[in-house]
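Asker: sequence below, structure please.
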Amino acid sequence: MDYIVTVFRIQKLPELKRAIIMSQPSSWPIPKGSMRFVLPRQIVSQLKSHRISQDLYPLALGFYQEARDHSMSRSRHDDLLLIYCVKGQGSLRIGKLTYKITAGDLVVIPKDVIHSYEASTNDPWSIYWVHCDGILLNEFLISLNHNLQSPVSPIGLHPRLANDFESLLDLRKTTQQFTAYLHASSLLRQILTHIALLKTQQQHQFDQSFNLDAIHTFMLTRLHESLDIDTLAARANLSKYHFIKRYKQLTGSTPINDFIRMKIEKACHLLDITDQRISEIAWTLGYEDAYYFSRSFSKVMGISPSQYRNIRLGRATYKE
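Answerer: Numbering: from 1, shown residues only. Next up is the predicted model:
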């Protein structure tokens, strides 16, 4: 897999240099099979002000294959750096702590974090990497559940995620069109949200003390009932307090809210495929009071059950 290395020389643009500060790039010589792509400063300035891309946009990106002797040390860091290791090993140092990096690990280094990293001498890493910025950078970090004390996350090797990075690298083939850079910003957003999903799934797999899938299966088989926290906590062999806390850590929601959402999803299905009266559907889902069911439905869906059915019958639109 050969890559073309593109170098941009920006001259006599002091106003852009002042407006756009980038972390010092690595001086590591790019060998065959690797690539580094730096976005032109003028393009970065446009992405920074464009409404589609200003939330998140790339500054530089690349792929280093078996990057022997690759190392970097930054005393100033003014963007977000992502490194996804797909082969080999390396290490990261932040402050007095050193973190080992192996295949399947994701490294997240936010702004203003002084750091250094290097490839292993005996088993040099292969990595995708991207420097990025944007006005919603902190919100994306929150979605990644990033913890500065744990900058390395073992998310595993995922071909789809590698393909996402490859798609981002294809930007170098269409550099004459600004729409290509807008598309790259959207791809970068997709990569970060994909990583957030992978981290959540990985956390579920490693948490042997809390089987979330089993809890959700139990909920789905009890949609006709009225479950309470005590029953769900007992199912998970936890106290009510620890059950709620653990559930919310993993899902961002509460178990009862998710149980209600499951009921309403089932109600939507029944409204779509049957002609049952709303009161009958309410009874099927454990609601003795059809009015209370309608209130719960409206709270989740934003419309009443009858309005939802009217959409199926062509009497209403999605936006009404």
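Asker: CA atoms for contacts and neighbours, from now on please.
Answerer: Noted.
Asker: find the residue at the geometric middle of the chain.
Answerer: Nearest residue to the geometric centre of the chain (CA atoms, centre = their mean): T193, 2.2 Å.
Asker: buried set for the one helix or strand that one maps to?
Answerer: Assigned by DSSP states H and E, T193 belongs to helix 178-206. Of all the residues in helix 178-206, those buried under the rule 16 or more other CA atoms under 10 Å are 180-189, 191-192, 194-196, 198-200, 204.
Asker: in terms of secondary structure, what does the following helix or strand past that helix contact?
Answerer: As assigned by DSSP H and E, the chain's next helix or strand after helix 178-206 is helix 212-220. Helix 212-220 sits against helix 255-273, with contacts defined as 3 or more CA pairs under 8 Å, 6 or more residues apart in numbering; DSSP states H and E.
Asker: give me the contacts around the helix it packs on.
Answerer: Identification of contacts with helix 255-273 by CA atoms under 8 Å, 6 or more residues apart in numbering yields 219-220, 223, 227-229, 244, 247-248, 276, 281-282, 285, 296-297, 300, 305, 308-309, 312.
Asker: stretch 83-90 now?
Answerer: For stretch 83-90, contacts defined as CA under 8 Å, 6+ apart pick out 66, 100-108, 117-120, 123-130, 157.
Asker: domain assignment for this structure?
Answerer: With domains defined by automatic domain parsing, the chain comprises 14-205, 212-312.
Asker: just name the most buried of these.
Answerer: Of all the domains of the chain, domain 14-205 has the most neighbours on average by mean count of other CA atoms under 10 Å, namely a mean of 17.
Asker: show me where this protein has its helices.
Answerer: Using DSSP state H, the helices found in the chain span residues 14-19, 41-49, 137-143, 159-169, 178-206, 212-220, 229-235, 240-251, 255-273, 278-284, 290-301, 305-312.
Asker: could you dump the domains of the chain into TSV and include mean pLDDT?
Answerer: Formatted as TSV, the domains of the chain follow (pLDDT from 0 to 100):
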stretch	mean pLDDT
domain 14-205	87
domain 212-312	91
